[in-house]
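Asks: got a structure for you, letters missing:
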DNA sequence: CGTCGCATTGATATCGCTCAAATCCGGTGG
DNA sequence: CCACCGGATTTGAGCGATATCAATGCGACG
């Protein structure tokens, strides 16, 4: 883990947080924090990915959450004294760290920030629930269509993928092979149009 | 929809909300609100269940969230002017309604409430993500074990079910038949102990 | 040029879904 | 008290969708 520098301005970041973040870089398998450690900060992923996992003593590891670019994680840590799980960088990753004490203080002293923080949590909750309902769908085609409906914009529900199709496959809970086949089938039926990483309904 | 009376005191409800909630009763298929209506309130389910769904013009209905007893819903509506989906009671249901304007005002004026609201959202986010990771697991047994790990308490991760096993099946994204078989198999392997609606690991 | 990862397609296996039927259990009404 | 009913629970059989394993092409990158 390496401290780098003050970050550039981040879009959609509450104003009060703009200047108090510290940038850190991690390489694959670095630990951001471990279960049981005292909570020091909440984090925003600038680049890369962090896995939050809970490792049972029986050897089984359970991934609780994967935070990708633009995601906050450990927000709930604000209300706890110790982290409840492990956070591990799954590739080269850059994070913004916001000291928990500072954020807690801001919540109590800066009403505008408190509103923004609540709004941020509400957005994440909304997104999380949309993904939840998506994974509750049984058929691969339904999941892809639901993804376009919820994540796409405009009447055609257009989406331009940030990452690879493999990433999308994980997002919708399919193997990448199934996703390829499902996309091909939907395109053949004329339900979906695909041009490179641009997807839309028809 | 019927207005009933002032509610009793609710556990775990932020103090500032204790006295501003209105109790309403709905019967099956009553609409709490529709997509496009002006946001008037956020809600807490006292009893019953409410389905939040988005109905596409193509006839397909997508359930975005089911809020059961103790769940808030439409929290994200605080940051919007209109509801983004329909809310329908799926059975006889009692709700507490908190006027959005009051809650927004409290967020700005009552730092203690803002912290509690943020904590409430963070808890819901945490729970939602746990369910997300659960549904991302492929095998039925893994989902059941994950459920016990995340929802259970104590070293044995004990859970006493509030509802039926059919309800649990929906929660973990399985048919009830699959759940029965999976539980039976886990019990035979000695991984899970089951006594009525009480489940625990071994 | 070799390697690596993504994309794509094929063949096969498997797990969970669907349909079906029997039992159990609590509640309800006679 | 008993008959009845509806819903939950449980088990069985078979199918189908998706995972898995495998092979190939392709582009990026050193």
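Replies: Cool, the structure landed. In this text the structure is predicted, and so the values were computed from the model without any measurement.
Asks: Could you look up the SS state of the nearest residue to residue A:130 once chain neighbours are set aside?
Replies: Sequence neighbours aside, residue A:150 is the residue nearest to residue A:130 in space, at 4.5 Å (criterion: CB to CB, 6 or more residues apart in numbering or on different chains). C-beta here means a position set from N, CA and C on the backbone, and glycine is covered the same way. Residue A:150 falls in the helix class when you classify it by DSSP: H, G, I helix; E, B strand; the rest coil.
Asks: Then residue A:23?
Replies: At residue A:23, secondary structure determined by three-state DSSP is strand.
Asks: Might one say that it is in contact with residue A:98?
Replies: No: judged on CB atoms under 8 Å, residue A:23 makes no contact with residue A:98 at a distance of 11.1 Å.
Asks: Looking at the two now, which is surrounded by more residues?
Replies: Neighbours per residue, other CB atoms under 10 Å in any protein chain shown: of residue A:23 and residue A:98, the larger number sits with residue A:98, 24 against 17.
Asks: quick one, helices of chain A?
Replies: A:100-109, A:111-136, A:140-151, A:165-171, A:176-188 (DSSP state H).
Asks: okay if I get these as JSON lines plus mean pLDDT and distance to residue B:69?
Replies: Listed next are those as JSON lines, based on pLDDT from 0 to 100; distance: least, CB to CB, whole Å:
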{"stretch": "helix A:100-109", "mean pLDDT": "90", "distance to residue B:69": "28"}
{"stretch": "helix A:111-136", "mean pLDDT": "89", "distance to residue B:69": "17"}
{"stretch": "helix A:140-151", "mean pLDDT": "94", "distance to residue B:69": "26"}
{"stretch": "helix A:165-171", "mean pLDDT": "93", "distance to residue B:69": "31"}
{"stretch": "helix A:176-188", "mean pLDDT": "96", "distance to residue B:69": "36"}
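Asks: tally of neighbours for the residue nearest to residue A:186 when sequence neighbours are not counted?
Replies: Ranked by CB to CB, 6+ apart and with sequence neighbours excluded, the top spatial neighbour of residue A:186 is residue A:192, at 4.0 Å. Per other CB under 10 Å, the neighbour tally for residue A:192 reads 21.
Asks: Enumerate every residue touching residue A:192.
Replies: For residue A:192, the residues meeting the contact criterion (CB atoms under 8 Å, 6 or more residues apart in numbering or on different chains) are A:144, A:145, A:148, A:183, A:186, A:199, A:200, A:201, A:202.
Asks: if I look at it, how far off is DNA strand C?
Replies: Residue A:192 sits 13 Å away from DNA strand C, going by CB to the nearest atom of the strand, to the nearest Å.
Asks: Who is that residue paired with across the strands?
Replies: In this structure, residue A:192 bridges to residue A:201 when assessed by DSSP bridges.
Asks: Same check on residue A:73?
Replies: Taking DSSP bridges as the rule, residue A:73 bridges to residue A:43.
Asks: Could you measure from the spatially closest residue to residue A:181 that is not a sequence neighbour over to residue A:131?
Replies: Residue nearest to residue A:181 in three dimensions, not counting chain neighbours: residue A:140, with 7.9 Å by CB to CB, 6+ apart. Between residue A:140 and residue A:131 the distance, using CB to CB, to the nearest Å, works out to 15 Å.
Asks: One more: residue A:153?
Replies: Here the distance between residue A:153 and residue A:131 works out to 17 Å (CB to CB).
Asks: Looking at the two, which is more packed in?
Replies: Shown here are residue A:153 and residue A:131; by other CB under 10 Å, residue A:131 has more neighbours (23 against 11).
Asks: leaving aside the residues next to it on the chain, what's closest to the more buried one?
Replies: residue B:132 (5.7 Å).
Asks: With residue A:26 instead?
Replies: Excluding the flanking residues, the one nearest residue A:26 by CB to CB, 6+ apart is residue A:89, at 3.9 Å.
Asks: what's around that neighbour, how many residues?
Replies: Residues near residue A:89, counting by other CB under 10 Å, number 23.
Asks: Ok, residue A:191 next?
Replies: As a burial measure, the neighbour count of residue A:191 was computed by other CB under 10 Å and equals 15.
Asks: was I right about it contacting residue A:145?
Replies: Yes: contact status for residue A:191 versus residue A:145: in contact at 7.2 Å, counting by CB under 8 Å.
Asks: Return every residue with contacts to both of the two.
Replies: Here residue A:191 and residue A:145 share the contacting residues residue A:201, scored by CB under 8 Å, 6+ apart.
Asks: Quick check: residue A:169 vs residue A:160, distance?
Replies: Separation of residue A:169 from residue A:160 (CB to CB) stands at 17 Å.
Asks: So if I had to pick from the two, which one is more boxed in?
Replies: Neighbours were counted for residue A:169 and for residue A:160 using other CB under 10 Å; residue A:169 has more, 20 against 12.
Asks: just checking, that one touches residue A:179?
Replies: Yes: checked against CB under 8 Å, the pair residue A:169 and residue A:179 is within contact range at 4.1 Å.
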